[in-house]
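*Asks:* Dropping a prediction and its sequence here:
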There are 2 protein chains.
Amino acid sequence: MTVKGRPTSLDIAHLAGVSQPTVSRALRGNPMVNADTRRRILAIADQLNYKVDKNASNLRCQQSGTLALLFFEDPAPDDSLINPFFHSMMGSITRACARRGYDLLVSFQQLSDDWHADYEDSKKADGLILLGYGDYLQARTRLEQLVRQGTHFVRWGAALPDQPGIAIGCDNFQGGHAMTRHLLDGGRRRIAFLGDASPRYPEFRERYRGHVQALQDAGLGADAGLQVDAISSETAGGDAVRALLDAGVGFDAVFAASDLIAIGAMRALAARGLQIPADVAVGGFDDIPMAAMVAPGLTTVQQDTRAAGSLLVDTLIDAIRGQACGHHSLPVHLVARGSTTT
Amino acid sequence: MTVKGRPTSLDIAHLAGVSQPTVSRALRGNPMVNADTRRRILAIADQLNYKVDKNASNLRCQQSGTLALLFFEDPAPDDSLINPFFHSMMGSITRACARRGYDLLVSFQQLSDDWHADYEDSKKADGLILLGYGDYLQARTRLEQLVRQGTHFVRWGAALPDQPGIAIGCDNFQGGHAMTRHLLDGGRRRIAFLGDASPRYPEFRERYRGHVQALQDAGLGADAGLQVDAISSETAGGDAVRALLDAGVGFDAVFAASDLIAIGAMRALAARGLQIPADVAVGGFDDIPMAAMVAPGLTTVQQDTRAAGSLLVDTLIDAIRGQACGHHSLPVHLVARGSTTT
DNA sequence: CTGAAAGCGCTTACAG
DNA sequence: CTGAAAGCGCTTACAG
């Protein structure tokens, strides 16, 4: 029982003495097929290590059983670290896809370029997952274009009402609020916020809004001089702290909009001889693995990447199947470590 | 100029007033096509946002323009950290694929399960890249099966002569040798080696062989009592150090077969009140981002993941195109930090 | 330089 | 329960 090259369903049909469509039916578990016939077919297929040709099958069925993950990275000149938070998301998305029986195409995109987002148009994928697309205002036009084209997609980001497409995110406002309340509870009063709080970065902005709300809840006002823009990198965190120190702005705590910023800030503080948390408490956001490794451990707001990955995949599959779905935001969880407590 | 649903090449043909094959030729850059005709076709295709249906194209051409990355992970009960080294590899493989014009399917595999390695059989991918497949002796049977089936694949691992398929790895022997020489140069004489040195983990074994060779080059013998098995995790590193201390084995340096092991070892040493590097110097392997973050910084052997990713992808594509290729090993580079020097 | 024809390997109505 | 037929959207000899 041998066949030249990879076997086709026609080869199986010949060997089983049935027609090719019957092989197809048996393989797909069509209940109409006689049980004996099915068994014979499956045995032969197994023996020949036959696998359905997905190109043929997908062409006929007009779908691919595949999702595409578009991961956007800054074209950093120094080839610096990708935010480990996204690594974690990528892992959970991969696993969620496997659970749902979808394959996953992964593509790293340059923010500067035109997006290479034609996986659905070329029928290689049934939908897209967008991760880390940078400046929201710049991305917005392209997101709207995807919506217009009828592309199925979900993105990780701020789940705000007026945004195009479907966004899944964590409750950034709540996270920002929790961190600042935690710092206030520890007796801190002058809390610097490191992170871009403009509409370009809606997630950071929400964290900042939560921060301001917590201050107000405590009867305090937000000091604009204590907010410093920073993108999510260690370098930016160090720069922000140095800018504050050099400007002579007094502060007893730092709330960094991401752990990478926080870690950069911790280094810069230590380099200037400041003790953490004695002189300055530091809080972050994400709970990347490094947060637990640095000394002292970094207090941070944990995002549940496992739930996030599942929800992204499930929501996208719902959208592909034509089920209406909207934004969704996930609860967060404060993890207290040595950088804010003694 | 509108079309119901996603446009096909036939739609373009109608609009351009040519036959469908001419559209196909124009789109693929066939030089036979009249320049004016081509321009007209491209303009229409662009306007309709037409993309070639990859399922149809791949079916006809019998290839997919896609590679599959099989990433094996231990079914760790605690959902612990994936070795960050593999994250880095994944990034460089993704980028290398993009450069070569291939798409990349990513699949996380459970070590325990049967491998889900039928991407090539089902024509979803032209070849496989294997990363982190655990115990080599257990994997060997499956690797041999892939070879027998004629599957195109490359794997990251020890590039040793008698292994099935094509392996790309770093020069583990050289790396092991360099680290131990570095520790000896620093005046250390009792160097514990943490890592499984059995044929189950050929990469660790090579690192160990390099270590032993460096000892011999210095006129020293290897003390079997100083080698402790450990898989690549912080937990295993901590366990190994505690086992040595509890057994009362004296040592003034630790050479961990991976950075994760080293970091676990550093924590365990610190917990027992030992100073790094004063009491015990610590060296690792991989140069994961955390190695630079821990205090003191971890001296380690850097693997060039960028070159590795490119080489894996290039070699696989060569193999797919029928070009003979063999194992390949990449140079390594010692990075000295505070864990071994003052 | 271009068109008519065949065919990649499936899946799914349509008959029987 | 099963087979003959059509067709998914391309690409590539083969004619002209």
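*Replies:* Received it, and whenever you're ready, just let me know what you need.
*Asks:* can we go C-alpha only for contacts and neighbour counts from here?
*Replies:* OK.
*Asks:* Can you show me the CA trace of the lowest-mean-pLDDT helix or strand in chain A as CSV?
*Replies:* Ranking every helix and strand in chain A by mean pLDDT, DSSP states H and E puts helix A:289-293 at the bottom, with a mean of 87. The C-alpha trace of helix A:289-293 is given here as CSV (Å, rounded to 0.1, in the frame of the first residue of the first chain):
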residue,chain,number,x,y,z
PRO,A,289,8.7,38.8,35.5
MET,A,290,11.5,41.4,36.2
ALA,A,291,9.3,43.2,38.7
ALA,A,292,9.8,40.4,41.1
MET,A,293,13.5,40.1,40.4
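*Asks:* residue ranges of the strands in the stretch 151-300 of chain A, please?
*Replies:* A:153-156, A:166-170, A:191-194, A:227-228, A:253-256, A:281-283, A:300-302 (DSSP state E, counting those that start in this stretch).
*Asks:* Any buried residues in the first one, and which?
*Replies:* Of the residues in strand A:153-156, those buried under the neighbour-count criterion (16 or more other C-alpha atoms under 10 Å in any protein chain shown) are A:153, A:154, A:155, A:156.
*Asks:* In chain A, where is pLDDT below threshold?
*Replies:* A:1-4, A:74-81, A:112-113 (pLDDT under 70).
*Asks:* Three-state assignment for the closest residue to DNA strand D within the stretch 101-250 of chain A, please.
*Replies:* The minimum distance from the stretch 101-250 of chain A to DNA strand D, using C-alpha to the nearest atom of the strand, falls at residue A:122 (8.1 Å). Classification of residue A:122 using DSSP: H, G, I helix; E, B strand; the rest coil returns coil.
*Asks:* Which residues are in contact with the closest residue in space to it that isn't next to it in sequence?
*Replies:* Spatial nearest neighbour of residue A:122, chain neighbours left out: residue B:53 (4.7 Å); criterion: C-alpha to C-alpha, 6 or more residues apart in numbering or on different chains. Contacts for residue B:53 (C-alpha atoms under 8 Å, 6 or more residues apart in numbering or on different chains) come out as A:121, A:122, A:123, A:124, B:8.
*Asks:* could you list every residue that touches the first one?
*Replies:* Taking C-alpha under 8 Å, 6+ apart as the definition of contact, the neighbours of residue A:121 are A:151, B:6, B:50, B:51, B:52, B:53.
*Asks:* measure it to residue B:49 for me?
*Replies:* 8 Å (C-alpha to C-alpha, to the nearest Å).
*Asks:* OK, now which residue of the stretch 51-200 of chain A is nearest to DNA strand D?
*Replies:* For the stretch 51-200 of chain A, C-alpha to the nearest atom of the strand, closest residue to DNA strand D: residue A:60, 3.4 Å.
*Asks:* Check the burial of that residue by counting its neighbours.
*Replies:* Here the number of neighbours of residue A:60 (other C-alpha atoms under 10 Å in any protein chain shown) works out to 11.
*Asks:* Flag every residue of the stretch 1-150 of chain A that's near DNA strand C.
*Replies:* Contact residues (C-alpha under 7 Å from any atom of the strand) of the stretch 1-150 of chain A with DNA strand C: A:7-10, A:20-22, A:24-25, A:27-28, A:51-53, A:56-57, A:59-61.
*Asks:* Buried ones among those residues?
*Replies:* For those, buried by 16+ other C-alpha under 10 Å: A:7-10, A:20, A:22, A:24, A:27, A:51-53, A:56-57, A:59.
*Asks:* Redo the residues you listed as a markdown table? Include distance to residue A:45.
*Replies:* Shown next, in a markdown table, are those (distance: C-alpha to C-alpha, whole Å):
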| residue | distance to residue A:45 |
| --- | --- |
| A:7 | 9 |
| A:8 | 9 |
| A:9 | 8 |
| A:10 | 11 |
| A:20 | 12 |
| A:22 | 13 |
| A:24 | 11 |
| A:27 | 9 |
| A:51 | 8 |
| A:52 | 10 |
| A:53 | 13 |
| A:56 | 17 |
| A:57 | 16 |
| A:59 | 22 |
